[in-house]
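Undergrad: curious how this folds, go ahead:
(4 chains)
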Protein chains: 2
Amino acid sequence: MARHGDTRQKIVEAADTLFYEQGVGASSFADIAGAVGLSRGNFYHHFQSKDAILEAVIERRLTRTREMLAQWQRDGGTPRDRIVSFVQMLIANRAKIMAFGCPVGTLSTELAKLDHIAAPRAAEVFTLFLDWLEAQFQAAGFVPDRARALAHHAMMLAQGIATLAAAFKDETQLRQDVDDFTGWLDETLSSKG
Amino acid sequence: MARHGDTRQKIVEAADTLFYEQGVGASSFADIAGAVGLSRGNFYHHFQSKDAILEAVIERRLTRTREMLAQWQRDGGTPRDRIVSFVQMLIANRAKIMAFGCPVGTLSTELAKLDHIAAPRAAEVFTLFLDWLEAQFQAAGFVPDRARALAHHAMMLAQGIATLAAAFKDETQLRQDVDDFTGWLDETLSSKG
DNA sequence: ACAAAATTAGGACAATCATCCTAGATTCGT
DNA sequence: ACGAATCTAGGATGATTGTCCTAATTTTGT
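TA: Residues are numbered from 1 along each chain as shown, chains lettered A, B, ... in the order given. Have a look, this model is predicted:
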């Protein structure tokens, strides 16, 4: 049993959750240690600094996002179905979205405010989604430029939905917004396909 | 000269800026004191706690938003012009938007994550914009329910634009997004007359 | 089974945090 | 002009922060 990697992974998982639910700035070493069940001083065997943990959390999110998108690709279905599964994340995770917002958008915004060195890396999670969405719209028959613009628009809508869901915590509205997104998607696709 | 109110207002202004640019959690008393040019210990004559400053900052934002919306109303023009001036805020404040995101959305999200007692109050700034936007769409001839939905959609778009602008800091894209917003607005309005 | 390496707990560290207190300075009502 | 109220600076407080060190324990390679 690889104890090292095991503990390290537990730390990253706990930090990931805390960074999402409280924000990076509000999550201390003591918080993470408490969540994992380790002593604070022991952390420096696994990570040299808090920024190193943040970096690992971002890498984890990048990897998991890539895996999720690859899985959606393997799941088959039409490009339309895949884009719907993208926006359906907001419904599946509605409790967390309404409590803490979108994990991608809120981390990106927090790091942008702090002018943190990892901010561009965190924004790459957005890029993964954008590239994937662009591929879906291209598969649906749109030329690259138009597919890129539609991917950006879809991402914008998702971020707007999540931000307002966190502000008002209105599940009915959230579901309506996702329905409207799907409506926009079908209109857009039918105009081309 | 009302010195008391004067210093108090200076504190609130400095705190407002810092809360926006760094986040509430990352802004300390020392930061605010430094920005105003006062000593830290002196603060408690004006505010009993950091939460009291936050409360005053939110009140200030509510008041200023109300004033701005009332001014736009007085400025005349069509409902379409007024809604355009709403989204044009993203262009006018583009440097700050790309650096720190939307002040309304980011404060709301940060307080939501902390489950802060002032979170609902901060969300009321959203409500001011939503009510005002709803009034514009009603003035443009939409029935109340439809006007409310369009106001919500406009707010969603603005939040999505600001979030992606902060993540990617792409001014060209930001301007394109605002143009697209205006295009959507004109399409929507022309469909109703 | 034993030496080397990895992992742990716990405490020390200086810095910073929000908060509070005291004592001097300034302003104001009269 | 004088007493009262207000405002100010600076330091003290205890808690918490990120970081680091040391000494013990556990695991691993052989």
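Undergrad: quick check: residues of chain A near chain B?
TA: Where chain A comes near chain B, counting by CB under 8 Å from any CB of the partner chain, the residues are A:21-23, A:25-26, A:99-101, A:105-106, A:108-110, A:112-115, A:122-123, A:126, A:149, A:152-153, A:155-161, A:163-164, A:166-169, A:173, A:177, A:180. Bear in mind the C-beta positions are built from the backbone N, C-alpha and C, glycine included.
Undergrad: can we see that at 7 Å?
TA: A:21-23, A:25-26, A:99-101, A:105-106, A:108-110, A:112-114, A:123, A:126, A:155-157, A:159-161, A:163-164, A:166-168, A:177 (CB under 7 Å from any CB of the partner chain).
Undergrad: for DNA strand D, tell me whether the helix or strand A:G105 falls within is touching it.
TA: Secondary structure assignment for A:G105, by DSSP states H and E: helix A:103-113. No: using CB under 7 Å from any atom of the strand, helix A:103-113 stays clear of DNA strand D, with a minimum separation of 13.8 Å.
Undergrad: please name every helix or strand in contact with that helix.
TA: Contacting helix A:103-113 under the criterion 3 or more CB pairs under 7 Å, 6 or more residues apart in numbering or on different chains; DSSP states H and E are the following elements: helix A:119-139, helix B:94-100, helix B:144-168.
Undergrad: among those, show me which one is buried the most.
TA: Using mean count of other CB atoms under 10 Å in any protein chain shown, the stretch among the helices and strands packed on helix A:103-113 with the largest mean neighbour count is helix B:144-168, at a mean of 22.
Undergrad: which residues touch the helix or strand just after it?
TA: Toward the C-terminus, helix B:144-168 is succeeded by helix B:171-192 as the next helix or strand (DSSP H and E). For helix B:171-192, the surrounding residues in contact (CB atoms under 7 Å, 6 or more residues apart in numbering or on different chains) are A:156, B:80, B:83-84, B:87-88, B:90-91, B:94, B:98, B:140-142, B:150, B:157, B:161, B:165.
Undergrad: now helix B:171-192, how far from the chain's geometric center?
TA: Between the centre of helix B:171-192 and the centre of its chain there are 20 Å (CA atoms, centre = their mean, to the nearest Å).
Undergrad: mean confidence for it?
TA: Rounded to a whole number, the mean pLDDT of helix B:171-192 is 96.
Undergrad: same question, stretch A:72-79
TA: Taken as a whole, stretch A:72-79 carries a mean pLDDT of 93.
Undergrad: and it, C-alpha only, in PDB?
TA: Provided in PDB are the C-alpha atoms of stretch A:72-79 (Å, rounded to 0.1, in the frame of the first residue of the first chain):
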ATOM      1  CA  TRP A  72     -19.200  11.900 -21.600                       C
ATOM      2  CA  GLN A  73     -17.600  11.400 -25.000                       C
ATOM      3  CA  ARG A  74     -17.500   7.700 -24.500                       C
ATOM      4  CA  ASP A  75     -21.100   7.600 -23.300                       C
ATOM      5  CA  GLY A  76     -22.200   8.200 -26.900                       C
ATOM      6  CA  GLY A  77     -25.300  10.100 -27.800                       C
ATOM      7  CA  THR A  78     -25.600  13.200 -29.900                       C
ATOM      8  CA  PRO A  79     -23.600  16.400 -29.400                       C
END
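Undergrad: mind listing what's buried in that stretch?
TA: Taking 16 or more other CB atoms under 10 Å in any protein chain shown as the neighbour-count basis, stretch A:72-79 is seen to contain the buried residues A:W72, A:P79.
Undergrad: domains in chain A, as residue ranges please.
TA: Using automatic domain parsing, the domain parsing of chain A gives A:1-48, A:59-192.
Undergrad: ok, now which ones touch A:G23?
TA: Taking CB under 7 Å, 6+ apart as the definition of contact, the neighbours of A:G23 are A:E110, B:G25, B:E110, B:K113.
Undergrad: hang on, the earlier thing: out of the domains of chain A, which is closest to DNA strand C?
TA: Between DNA strand C and the domains of chain A, the tightest spacing by CB to the nearest atom of the strand is seen for domain A:1-48, at 1.8 Å.
Undergrad: is DNA strand C within reach of that closest one?
TA: Yes: contact between domain A:1-48 and DNA strand C is present through A:R3, A:H4, A:T7, A:G37, A:L38, A:S39, A:R40, A:G41, A:N42, A:H45, A:H46 (criterion: CB under 7 Å from any atom of the strand).
Undergrad: from the residues you listed, which is closest to chain B?
TA: Comparing those against chain B with CB to the nearest CB picks out A:R40 as the nearest, at 20.1 Å.
Undergrad: verify the contact between the closest one and A:A30 for me.
TA: Yes: under the criterion of CB atoms under 7 Å, A:R40 makes contact with A:A30 at 5.7 Å.
Undergrad: tell me the residues of chain A that contact DNA strand C?
TA: With CB under 7 Å from any atom of the strand as the criterion, chain A comes near DNA strand C at residues A:R3, A:H4, A:T7, A:G37, A:L38, A:S39, A:R40, A:G41, A:N42, A:H45, A:H46.
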